[in-house]
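K.L.:
build the 3D model from these lines:
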Amino acid sequence: MQKYLVIVESPTKAKTISKFLGKEYRVESSFGHVRDLPKSELGVDVEHDFAPRYVVPRANTKRVNALKKLTKDVDIVYFATDEDREGEAISWHLKEVCKVPDEKSKRIAFHEITETAIFHALEHPRNIDVHLVDAQQARRILDRLVGYELSPFLWRKIAKGLSAGRVQSVALRLVVEREREIQQFVAQEYWSIEIDVSKKDVDTKPFRAKLYKRSGVVLDKFSLTHKEAADSIVSQLTGASYHVVDSVKKKTKKTPPPPFITSTLQQEANRKLRFSAKQTMMIAQQLYEGIDTGKGSEGLITYMRTDSVNMAEKFLDEAKSFIQHVYGGEYATGPRRYTTKAKLAQEAHEAIRPTSPQTIPSHVKEYLTEQQYRLYDLIWRRAIGSQMADAEYEATIVDIFASKQAGEEFLFRSSGQVVLFDGFTKVYSIESEEILLPRLTKDEELELHTLEGIQHSTKPPARYSEAGLVKVLESHGIGRPSTYAPTISTLIARNYVQREERRLKPTEIAFLVNDLLVAHFPQIVDYAFTAHMESGLDAIATGDKQLAPVIREFYTPFKEQLVKKDSELKKKDIIAEETDIVCEKCGKAMIIKIGRYGKFIACSGFPECKNTKQLPVEGETGGESVVYEPCEKCGGEMVLKRGRFGSFLGCSAYPECKHIRSLDEKKLGIPCPKCGTGEIIQKRTRRKKIFYPCNRYPDCDYSSWTPPEKEK
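P.N.:
Next comes the predicted model:
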């Protein structure tokens, strides 16, 4: 009997697949990548077509040796890593490092980890796609060249610990430019004239209408820019009567959105579930690799790194039957097929969907964590909803004329909609408000309840949420499904951005790094050029281009610019600002400098004099910190200070008293349910997540992620 070895990336995936295969198969995990470029050096031979030098990290040596031994004792080795460029590269590295000959090597791939998909893959093996491998290598080499050559440049010119990346730096530019839009925004005042009217002599709820036309001219948003103009119209309308000029009803339909791809899943999970991109992908990986539902482990969703909205014909047929049986024939349609919008969607061949429509979220809830259940429920509803009938609405537009014996003519308009048939929204809800207007006839008189001018003000653009940043990166063609989450995670880890109310706010260092890159390395942060590079990588994946020319096109001008700017730019010219503060240690002038964690004051005589000070923050006067409150421990004064993670309150008696308190703390007026004497406060973790501890910590260790009720 022949023996077979199946190698996958993760132990969970190995466990799930082994359930379906017989004793002649052995399923092992590589625990991800087994080889990589060395950490201690560039690892790319720029003189010889950018040849990479791979090494097996010490942590992987034991696993690699075990796999080498196993491959020698079997007849066929199946490389069953994920079907994308990263997975293809892992298979290639495994084949190379284990020295598996071509006649023993077979590549299999599947979009879902189910028995049917596994056996179909085994029946249709293929060779490792060297074009996909080259595309992954090209991305890795490009990122290494930028990271290992531009990052040290930032260390020399700004501060140690900074990093730059081909996609990361473009994402940073987007965040910084949005913040500058917000800073430069000037609010503009405008007014609207609104009325509440209802049918006469009938007990109906009043409905609202806005002034739409004045003397036959349509009013735009900024037609009324000050209170006097609004008051004038209200004055003219005092005593007017109102009647219906026209009432138009129109039936409209809303089609369901397509099933999820990587970017839309990250966006909706962020918006509806408040998951970060990284968190979403981690949970989706768990659902894909397999969940034990009491009958053994099986994948609940298809592969989660994809930019295709296609779904298998088998699933489309199963979904239609399921919808007919559960919801009724009027909800079934199709099957619906969607067109992929991505220009070069080829990372995978299917959208993210449940492996079976029959696996209803509520049926497997007991086997899932709360987060797994919520994400699976979202994926299941989106996929099933995409195959359901349109939602149908009746939209109504009512025009109301305000009549008076003399003066200008004023026309008001009201619009509303009523759901006639819920369609796909029965499963997948969308933001839609039902506004019911009464049935009205032409020339019908209406009763006025209120007439008022309402002041409005334009709002600045919002900071990007993680979902918003993923969406704009995708719209520019920057990055691919596998890069969105790590890019955002890197921006946060490097202290370039901080989460503030679920939005990404750039730090001081982010502005400095971005401005330096925009001014001196424009190609690195150019949207069109970065998208062009992505197209080059896609062309390598299809075999239309070779690795070396694509990398050379980028690297040659980049290296020339790097050498030039390294000699031209001086650190003191970039990060130093003069002040009128004198160093008390050596008498030289103090200057404002910037480090990885923000600005501070340092002596201009560095390195001979290493005196530094905290930069006075808002709320400080004359170089002395404002006293906020007495210290709870020693009775001294709590003053505003600044540290690595931002501003905080610290005891002025430091170092004798080391008591500190976060500015994020808020007293809730709720007694501690554990000790009874302390008070519950609101605090934030270093990752800005809110929690509710007792203010007597460490004497009382009560803490909760949800606030206790006042009554309790």
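
K.L.:
C-alpha only now, for contacts and for neighbours.
P.N.:
Noted.

K.L.:
which ones are touching the closest residue to residue 331 other than its chain neighbours?
P.N.:
For residue 331, ignoring the flanking residues on the chain, the nearest one in space by CA to CA, 6 or more residues apart in numbering is residue 389 at 5.0 Å. Listed by CA atoms under 8 Å, 6 or more residues apart in numbering, the contact set of residue 389 reads 255, 256, 330, 331, 332, 333, 423, 424.

K.L.:
might one say that the fourth one is in contact with residue 324?
P.N.:
Going back to what we said before, that points to residue 331. Yes: applying CA atoms under 8 Å as the test, residue 331 and residue 324 come out as touching, 6.8 Å apart.

K.L.:
so the two - more neighbours on which side?
P.N.:
Neighbours were tallied for residue 331 and for residue 324 using other CA atoms under 10 Å; the higher tally belongs to residue 331 (22 against 15).

K.L.:
give me phi/psi at the more buried one?
P.N.:
Note on residue 331: backbone dihedrals following degrees, to the nearest 10 are phi -90, psi -10.

K.L.:
pull the contacting residues for it.
P.N.:
So residue 331 contacts 323, 324, 388, 389, 423, 424 (CA under 8 Å, 6+ apart).

K.L.:
host element of the first one?
P.N.:
If I follow you right, that is residue 323. Using DSSP states H and E, the element containing residue 323 is helix 313-326.

K.L.:
buried ones in stretch 136-147, by neighbour count?
P.N.:
By neighbour count on 16 or more other CA atoms under 10 Å, the buried set for stretch 136-147 is 136, 137, 138, 139, 141, 142, 143, 144, 145, 146, 147.

K.L.:
in a strand, that's where the third one is, yeah?
P.N.:
Think residue 138. No: under DSSP: H, G, I helix; E, B strand; the rest coil, residue 138 sits outside any strand and is assigned helix.

K.L.:
next one: it from residue 171, what distance?
P.N.:
20 Å (CA to CA, to the nearest Å).

K.L.:
then the first one?
P.N.:
Look at residue 136 and residue 171: by CA to CA, they are 21 Å apart.

K.L.:
show me what contacts the residue nearest the centre of the chain?
P.N.:
Geometric centre of the chain, nearest residue: residue 466, 2.6 Å, by CA atoms, centre = their mean. Listed by CA under 8 Å, 6+ apart, the contact set of residue 466 reads 267, 270, 276, 277, 488, 502, 503, 504.

K.L.:
in strands, which of these appear?
P.N.:
Counting by DSSP state E, these place 503, 504 in strands.

K.L.:
looking at the contacts of residue 466, which is nearest residue 419?
P.N.:
Checking the contacts of residue 466 against residue 419 with CA to CA, the nearest one is residue 267 at 26.6 Å.

K.L.:
name the helix or strand for residue 210, please.
P.N.:
Residue 210 belongs to strand 207-214, assigned by DSSP H and E.

K.L.:
for that strand, what is the distance to the chain centroid?
P.N.:
39 Å (CA atoms, centre = their mean, to the nearest Å).

K.L.:
that one pairs with which strands?
P.N.:
strand 189-199 (antiparallel), strand 217-218 (antiparallel), strand 410-421 (antiparallel) (DSSP bridges).

K.L.:
so which of the ones you listed is nearest residue 291?
P.N.:
strand 410-421 (36.1 Å).

K.L.:
ok, the residue nearest to residue 542 when sequence neighbours are not counted to residue 138 distance?
P.N.:
Leaving aside its chain neighbours, residue 542 sits nearest to residue 131 (6.3 Å; criterion: CA to CA, 6+ apart). In this view, residue 131 and residue 138 are 10 Å apart by CA to CA.

K.L.:
and residue 436, by the same measure?
P.N.:
57 Å.

K.L.:
likewise for residue 705?
P.N.:
As for residue 705, its distance to residue 138 is 44 Å (criterion: CA to CA).

K.L.:
now residue 204
P.N.:
68 Å.

K.L.:
mind listing what's buried along stretch 479-489?
P.N.:
Buried residues in stretch 479-489 (16+ other CA under 10 Å): 479, 480, 481, 482, 484, 485, 487, 488, 489.

K.L.:
let me fix that, I meant to ask about stretch 494-513.
P.N.:
494-498, 502-513.

K.L.:
now it, how far from the centre of its chain.
P.N.:
Once both centres are worked out by CA atoms, centre = their mean, stretch 494-513 turns out to sit 14 Å from its chain's centre.

K.L.:
quick one, strands of the stretch 201-350 of the chain?
P.N.:
Applying DSSP state E, counting those that start in this stretch to the stretch 201-350 of the chain gives strands spanning 207-214, 217-218, 241-254, 291-292, 297-298.

K.L.:
quick one, which of these is nearest to residue 78?
P.N.:
Closest to residue 78 of the strands of the stretch 201-350 of the chain is strand 297-298 (CA to CA; 19.7 Å).

K.L.:
so what are the sheet partners of the closest one and their directions?
P.N.:
Assessed with DSSP bridges, strand 297-298 is paired to strand 291-292 (antiparallel).

K.L.:
state the mean pLDDT of the partner strand.
P.N.:
The average pLDDT within strand 291-292 is 88.

K.L.:
how many neighbours does the residue nearest to residue 320 when sequence neighbours are not counted have?
P.N.:
For residue 320, ignoring the flanking residues on the chain, the nearest one in space by CA to CA, 6+ apart is residue 332 at 5.9 Å. For residue 332, the neighbour count with other CA under 10 Å is 23.

K.L.:
verify the stated contact: residue 332 with residue 385.
P.N.:
No: applying CA under 8 Å, one finds residue 332 not in contact with residue 385, separated by 9.8 Å.

K.L.:
quick one on the thing from earlier: tabulate the strands of the stretch 201-350 of the chain (JSON lines), appending mean neighbour count and distance to residue 578.
P.N.:
Putting these into JSON lines (neighbours: other CA atoms under 10 Å; distance: least, CA to CA, whole Å) gives the following:
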{"stretch": "strand 207-214", "mean neighbour count": "18", "distance to residue 578": "55"}
{"stretch": "strand 217-218", "mean neighbour count": "12", "distance to residue 578": "55"}
{"stretch": "strand 241-254", "mean neighbour count": "16", "distance to residue 578": "60"}
{"stretch": "strand 291-292", "mean neighbour count": "18", "distance to residue 578": "60"}
{"stretch": "strand 297-298", "mean neighbour count": "23", "distance to residue 578": "64"}
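
K.L.:
same list (those strands) but as a markdown table, adding distance to residue 67.
P.N.:
Formatted as a markdown table, the strands of the stretch 201-350 of the chain follow (distance: least, CA to CA, whole Å):
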| stretch | distance to residue 67 |
| --- | --- |
| strand 207-214 | 72 |
| strand 217-218 | 74 |
| strand 241-254 | 53 |
| strand 291-292 | 26 |
| strand 297-298 | 24 |
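
K.L.:
for residue 672, which of the ones you listed is the nearest?
P.N.:
strand 291-292 (38.7 Å).

K.L.:
what lies in contact with the closest one?
P.N.:
Applying CA under 8 Å, 6+ apart, the contact partners of strand 291-292 are 297, 298, 299, 300, 367, 368.

K.L.:
in a markdown table, list the residues you listed along with distance to residue 337.
P.N.:
Formatted as a markdown table, those follow (distance: CA to CA, whole Å):
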| residue | distance to residue 337 |
| --- | --- |
| 297 | 30 |
| 298 | 26 |
| 299 | 24 |
| 300 | 22 |
| 367 | 32 |
| 368 | 30 |
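
K.L.:
kindly reformat these as JSON lines containing pLDDT and distance to residue 58.
P.N.:
JSON lines is the format used below for these (pLDDT from 0 to 100; distance: CA to CA, whole Å):
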{"residue": "297", "pLDDT": "84", "distance to residue 58": "32"}
{"residue": "298", "pLDDT": "85", "distance to residue 58": "33"}
{"residue": "299", "pLDDT": "90", "distance to residue 58": "32"}
{"residue": "300", "pLDDT": "93", "distance to residue 58": "34"}
{"residue": "367", "pLDDT": "93", "distance to residue 58": "37"}
{"residue": "368", "pLDDT": "93", "distance to residue 58": "35"}
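
K.L.:
which one of those sits closest to residue 700?
P.N.:
Among those, and counting by CA to CA, the member closest to residue 700 is residue 368, at 32.7 Å.

K.L.:
noted, bye for now.
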